[in-house]
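K.L.:
Following is a predicted model, sequence given first.
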Amino acid sequence: MSDAGGKTATETLSRPIAKRRSLKLFANQDWQLYALLFLPMLYFVIFKYVPMYGVTIAFKEFNMFQGVWNSPWAGLDAFKEIFKMNDFYKVLRNTMLLNLLDLVVSFPAPIILAVLLNEVRIQWFKKGAQTILYLPHFISWVIIGGIVYQLLSTNTGLVNILLRSLEMKAVPFLTEPIYWVITYVGSGVWQSAGWGTIIYLAALTGINKELYEAAEVDGAGRFRKIWNITLPGIKSTIIILLIINIGHMASIGFERPFVLGNPLVTDVSDVISTFVYKVGIQSARFTIATAIGLFQAVVGLIFLLSSNYISKKVTDQGIW
């Protein structure tokens, strides 16, 4: 007998058997690769998936002496309380604003640097520049914060001392909200731009060199080759990293705003991560802190899926 597709019952039954044999064959041939994969999978299970159970704290009246399991359920009370807080909307606004500025200013910086480094023909200068640009990534934000205060402090900062010696007014880089935001974004560019060029430089190596030779034959200049060959050649990399960055719009690191912030600029420096620290750690309101973190994760997921969907519709490229 044959099925609807014209295949015999024997052929239909043999499919799972053949599949099991192929899986067994792959396992026997490449068991070393599967063994290497075991530890990373174990890491993600233990440290990424198992802790997700703690999200239930957001729906409970958490008591550290009773534990997560035995604490009484509170439903959505924590979320209702969050959305009634005026400070929550302030930190959400600051988080979105600072991340948006980072996206506009910091995201293009490694692309520009990578293109410039790719155009350098003197190898020793290129390697030296790359090393110097990478170094800030390995410096702690605590140290960077100290450097920023030493350079930009209103009274004792080196920059303002030089400005006053030139009979110019001191600039309140760290005490005025507008100047603080500029300092915040600028320090982020300095710290991350060099390291971000690694991915783009790797993508640039995959561009066919014959395209540049053909462009030279046609009389194209350096800027025309960058615009028509270099940038289109790394377009897919740019789009993927842009989608990932948009997915992080609702999340922000703790160290940078905490180190650079001060009581004079709390209206712009307080963000979700510092707010969770104050509420969850200092005030021991773990339910509220967990609820804020869950809200942040959901919003980030929405941003990620939306940006990926729009990218696939507009450019036919996305993460998945």
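P.N.:
Received it, and whenever you're ready, just let me know what you need. Numbering: from 1, shown residues only.
K.L.:
can you pull the pLDDT of the residue found closest to residue 54 once you drop the neighbours it is linked to in the chain?
P.N.:
Leaving aside its chain neighbours, residue 54 sits nearest to residue 68 (6.5 Å; criterion: CB to CB, 6 or more residues apart in numbering). All C-beta atoms are positioned from the backbone trio N, CA, C, and that covers glycine. Listed pLDDT for residue 68 reads 82.
K.L.:
Near residue 85, how many other residues are there?
P.N.:
14 (other CB atoms under 10 Å).
K.L.:
what do you get for residue 51?
P.N.:
Residue 51, neighbours per other CB under 10 Å, totals 9.
K.L.:
Can you check my assumption that it lies in a helix?
P.N.:
Yes: counting by DSSP: H, G, I helix; E, B strand; the rest coil, residue 51 is part of a helix.
K.L.:
tell me the pLDDT at it?
P.N.:
For residue 51, the predicted pLDDT is 84.
K.L.:
Surely the residue nearest to residue 54 is in contact with residue 60?
P.N.:
Yes: with contacts counted by CB atoms under 8 Å, residue 68 reaches residue 60, the gap being 7.1 Å.
K.L.:
When the two are compared, which one has more neighbours?
P.N.:
Set residue 68 next to residue 60 and count neighbours by other CB under 10 Å: residue 60 wins out with 21 against 15.
K.L.:
Excluding sequence neighbours, find me the nearest residue to the more buried one.
P.N.:
Using CB to CB, 6+ apart, the closest residue to residue 60 is residue 71 (4.4 Å).
K.L.:
give the contact list for the one you found.
P.N.:
57, 60, 61, 62, 63 (CB atoms under 8 Å, 6 or more residues apart in numbering).
K.L.:
surely the fourth one meets residue 72?
P.N.:
No: counting by CB under 8 Å, no contact exists between residue 62 and residue 72, whose distance comes to 9.1 Å.
K.L.:
So for these two, which sits in the more crowded spot?
P.N.:
residue 62 (23 against 9).
K.L.:
Dihedrals phi and psi, the more buried one?
P.N.:
Main-chain torsions, residue 62, degrees, to the nearest 10: phi -70, psi 130.
K.L.:
Between the contacts of residue 71, which sits nearest residue 260?
P.N.:
In terms of CB to CB, no member of the contacts of residue 71 lies closer to residue 260 than residue 57, at 29.9 Å.
K.L.:
Identify the residues contacting the closest one.
P.N.:
Applying CB under 8 Å, 6+ apart, the residues near residue 57 are 68, 71, 286, 287, 290.
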